[in-house]
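Asker: Predicted coordinates and the sequence they were generated for:
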Amino acid sequence: MLEISKRLTSYNPNERLRRELERARAELSELEARHRELKKTAKDLELQDKAVEDRIRRLQKDLYGGKVVNPREVEAMEHEIESLKKQRGEMDLQLLELWERLPEAEQALEEPRKRVQELESKFAEAQEKLRAENAVLQEEYDKLAAARPRFLEGLPQNLLARYEAVRQRQGGIGMAEATSQGLCGACGTTLPTAAIEHAKLGQVATCQECHRIIYATDGAI
Ligand SMILES: [Zn+2]
């Protein structure tokens, strides 16, 4: 019985879903990082663009304000303004491209975001279901413990595997008690007398209909 408990607690049917959710989260955070990076690049570029614009304006003010009269100095300033304007033109092109890519990058987040949300609620639901199933199982164990079926002690591996398979097929319940009328406590099928006798002796017996492992207390016929 302890062996079964260990097996059941280590077995998590939601593991695949959890991994899927993790992958979706990783994918989303990668896209989000790329989007943030793009936004930051655009912001930096805007600031640079503004600084160059200010520099051009100051140079032009000095130049046309009559402050500078030396022809060589005038020429140098005109030169600088030209090169700054060229620089600005390039930055503006880059900015335009970034502004075009930003909405795309933002839109690319929508689908993965939805997917993460879907998987999150799916996972939460599955976990809730598992908790409920485990509660049923626990109840079953308590009952078994009270009935003390001898076959649970030193249960062979192949039976453990069978129990697990039946449990999964039958909504978390792999065992059923023989009723006092000699029916399978889970599906209501009439059990052969021999099966009940076996169960009473602590030997392995299964319901021929639902294949659950049958256990019997002395109350069963
Ligand atoms: Zn049955």
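Answerer: Perfect, I can see it now. Everything numeric in this text was worked out from a predicted model, so none of it was measured.
Asker: what about the helices in this protein?
Answerer: Applying DSSP state H to the chain gives helices spanning 2-10, 15-64, 71-147, 157-169, 193-200.
Asker: okay, those, which one's buried deepest?
Answerer: Using mean count of other Cβ atoms under 10 Å, the stretch among those with the greatest mean number of neighbours is helix 193-200 (a mean of 17). Glycine gets a C-beta too; all of them are placed from N, C-alpha and C.
Asker: Can you tell me which helices and strands that helix packs against?
Answerer: Contacts defined by 3 or more Cβ pairs under 8 Å, 6 or more residues apart in numbering; DSSP states H and E place helix 193-200 against strand 213-215.
Asker: Show me how far the strand it packs on is from its chain's centre.
Answerer: 37 Å (Cα atoms, centre = their mean, to the nearest Å).
Asker: now do stretch 109-119
Answerer: Counting by Cα atoms, centre = their mean, stretch 109-119 comes out at 11 Å from the chain centroid.
Asker: Quick one: mean pLDDT over that stretch.
Answerer: Stretch 109-119 comes out with an average pLDDT of 96.
Asker: where does the protein dip in pLDDT?
Answerer: Low-confidence segments of the chain (pLDDT under 70): 1-12, 141, 144-160, 171-172, 218-221.
Asker: Give me the domain ranges for it.
Answerer: Domain ranges of the chain: 2-133, 150-215, per automatic domain parsing.
Asker: Quick one: closest of these to the ion.
Answerer: Of all the domains of the chain, domain 150-215 sits nearest to the ion, with 3.1 Å by Cβ to the ion.
Asker: touching the ion at all, the closest one?
Answerer: Yes. Against the ion, domain 150-215 shows contacts by Cβ under 5 Å from the ion at 184, 186, 187, 189, 207, 209, 210.
Asker: tell me which parts of the protein are close to the ion?
Answerer: So far as Cβ under 5 Å from the ion goes, the chain lies against the ion at 184, 186, 187, 189, 207, 209, 210.
Asker: Buried only: go through those residues for me.
Answerer: Neighbour counting with 16 or more other Cβ atoms under 10 Å marks 184, 186, 207, 210 as buried within the residues of the chain next to the ion.
Asker: Phi first, then psi, for the last one.
Answerer: Read it as residue 210. Backbone torsions for residue 210, taken as degrees, to the nearest 10, come to phi -100, psi 0.
Asker: cool, and the third one?
Answerer: Here the main-chain torsion angles of residue 207 (degrees, to the nearest 10) amount to phi -70, psi 130.
Asker: show me the contacts for it.
Answerer: 176, 184, 186, 187, 189, 191, 195, 214 (Cβ atoms under 8 Å, 6 or more residues apart in numbering).
Asker: Can you name the residues bridging to the residue lying closest to it once chain neighbours are set aside?
Answerer: Excluding the flanking residues, the one nearest residue 207 by Cβ to Cβ, 6 or more residues apart in numbering is residue 184, at 4.1 Å. Applying DSSP bridges to residue 184 gives these bridge partners: residue 178.
Asker: picking up where we left off before, between the buried ones among the residues of the chain next to the ion, which is nearest residue 23?
Answerer: residue 210 (37.0 Å; Cβ to Cβ).
Asker: The closest residue to that closest one other than its chain neighbours and residue 161, how far apart?
Answerer: Spatial nearest neighbour of residue 210, excluding adjacent residues (Cβ to Cβ, 6+ apart): residue 187 at 4.1 Å. Here the criterion is Cβ to Cβ, to the nearest Å. By it, residue 187 lies 21 Å from residue 161.
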